[in-house]
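Colleague: Everything below, folded, please.
(one chain, ligands or ions: 1)
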Amino acid sequence: MTAIEVTGLRKSHQGFEAVKGISFEVPQGQIFALLGRNGAGKTTTIEVLAGFQRADGGTVRVLGLDPYTDRAAVRQRTGIMLQEAGFFPDLTVAQTVDTWRDFTAAPRPRDEALELAGLAGRRDTKVRQLSGGEKRRLDLALALLGRPDLLFLDEPTTGMDPEARGNTWTVIRDLARQGTTILLTTHYLEEAQRLASAMAILDAGEIVAAGDMAETLAARSGRVAFRLPANVDPAELPLPVTVEGQTAVCRADDPDLAAQTLLTWAAGRGLRLAGLEVRTATLEDLFLESAR
Ligand SMILES: Nc1ncnc2c1ncn2[C@@H]1O[C@H](COP(=O)(O)OP(=O)(O)OP(=O)(O)O)[C@@H](O)[C@H]1O
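Modeller: Purely as a prediction, here's the structure:
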């Protein structure tokens, strides 16, 4: 089943076209990353998908429904973590969750939600005393309260320390394994690469790259880099390279094979390829090439 279907979506803010006719689909149970620089249109897209804003053009289906006209039905089945959480600073973590539980149909038990979000130890702390990363965790606990079929996570791990981020990744993966669809935005490309099985990169309101994460990256060339040995003319090397400062960079579909070729060539001349680095394409490479 398709959880999210977006076709030709357009959305303007006061005459400024923030989203310019984008299309993508997210199957049920998938973790999908919506990526792009600041202002690319990610939050606008999520706000339309969550039913907070009406699309100006195109069609949007969320869990088979129109998120704007069928808002109540969509809300019941979705959890959302937006960038700016509106908490009451004088409530404790437990009181905040209890307040939200009152508005949620068939909510998870409070302690289960706090446990999932890694906040069990902060139950009695006032919201104003939480760190930035802990506030994100509280947001996650609230998004998970209604056992949603679909989760919108707008920069969920911003401000989290590495351990909290790792725990959040585990929670997200477990939820997806149980069938929850997750649409995620993040500026941490490594996070997106590790978590998401598909992605779209937005740039100034348009999709500039999209597809299955593993396939898209596998189709791109990898990179071998090393310090160019003294007195070696790059033209003598067995493979074409570009030289950036003292570093020679070779782009290759099979970077392991390219590294072997270069090492064999160097060994035959008694040379060392200092600082040799071999890597397949990363999402960051793709992002930097795609988003202007
Ligand atoms: N309510 C609004 N009124 C006017 N312009 C807006 C409004 N909301 C967003 N915009 C503009 O629309 C564009 C897209 O914003 P959006 O928040 O969707 O980007 P984003 O990709 O989520 O960015 P970020 O990574 O910074 O969160 C930006 O140029 C922004 O200034």
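Colleague: Get me the contact residues on the stretch 1-150 of the chain for the ligand.
Modeller: By Cβ under 6 Å from any ligand atom, the residues of the stretch 1-150 of the chain that approach the ligand are H13, Q14, F16, A18, G36, N38, G39, A40, G41, K42, T43, T44. Quick note: C-beta positions are derived from backbone N, CA and C, even for glycine.
Colleague: quick one: which of the residues you listed is most hemmed in?
Modeller: K42 (27 neighbours; other Cβ atoms under 10 Å).
Colleague: Need the pLDDT of the closest residue to that residue other than its chain neighbours.
Modeller: Once flanking residues are discounted, K42 sits nearest to T185: 4.4 Å by Cβ to Cβ, 6 or more residues apart in numbering. Here, the pLDDT recorded for T185 equals 95.
Colleague: and what of F103?
Modeller: In this model, F103 carries a pLDDT of 86.
Colleague: and the gap between R223 and T264?
Modeller: 19 Å (Cβ to Cβ, to the nearest Å).
Colleague: Assign A281 to helix, strand or coil.
Modeller: Secondary structure, DSSP: H, G, I helix; E, B strand; the rest coil: A281 is coil.
Colleague: Give me the nearest residue to it, chain neighbours excluded.
Modeller: R220 (3.8 Å).
Colleague: Which helix or which strand is home to the nearest residue to R194 once chain neighbours are set aside?
Modeller: Using Cβ to Cβ, 6+ apart and skipping the chain neighbours, the partner closest in space to R194 is W169 (6.8 Å). Assigned by DSSP states H and E, W169 falls within helix 162-177.
Colleague: Give the buried residues for that helix.
Modeller: Across helix 162-177, burial judged by 16 or more other Cβ atoms under 10 Å covers A164, R165, N167, T168, W169, V171, I172, L175, A176.
Colleague: In terms of secondary structure, what does the helix or strand following that helix contact?
Modeller: Counting by DSSP H and E, the next helix or strand C-terminal to helix 162-177 is strand 181-185. Applying 3 or more Cβ pairs under 8 Å, 6 or more residues apart in numbering; DSSP states H and E, one finds that strand 181-185 contacts strand 2-13, strand 16-27, strand 31-36, helix 42-49, strand 150-154, helix 162-177.
Colleague: circling back: out of the buried residues of helix 162-177, which are close to the ligand?
Modeller: Answer for the buried residues of helix 162-177 near the ligand: none qualify (Cβ under 6 Å from any ligand atom).
Colleague: and the residues you listed as JSON lines, adding pLDDT?
Modeller: Output for the buried residues of helix 162-177, formatted as JSON lines (pLDDT from 0 to 100):
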{"residue": "A164", "pLDDT": "87"}
{"residue": "R165", "pLDDT": "91"}
{"residue": "N167", "pLDDT": "89"}
{"residue": "T168", "pLDDT": "90"}
{"residue": "W169", "pLDDT": "94"}
{"residue": "V171", "pLDDT": "90"}
{"residue": "I172", "pLDDT": "94"}
{"residue": "L175", "pLDDT": "91"}
{"residue": "A176", "pLDDT": "94"}
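Colleague: Out of those residues, flag the one nearest to Q28.
Modeller: Nearest to Q28 among those, counting by Cβ to Cβ, is A176 at 9.8 Å.
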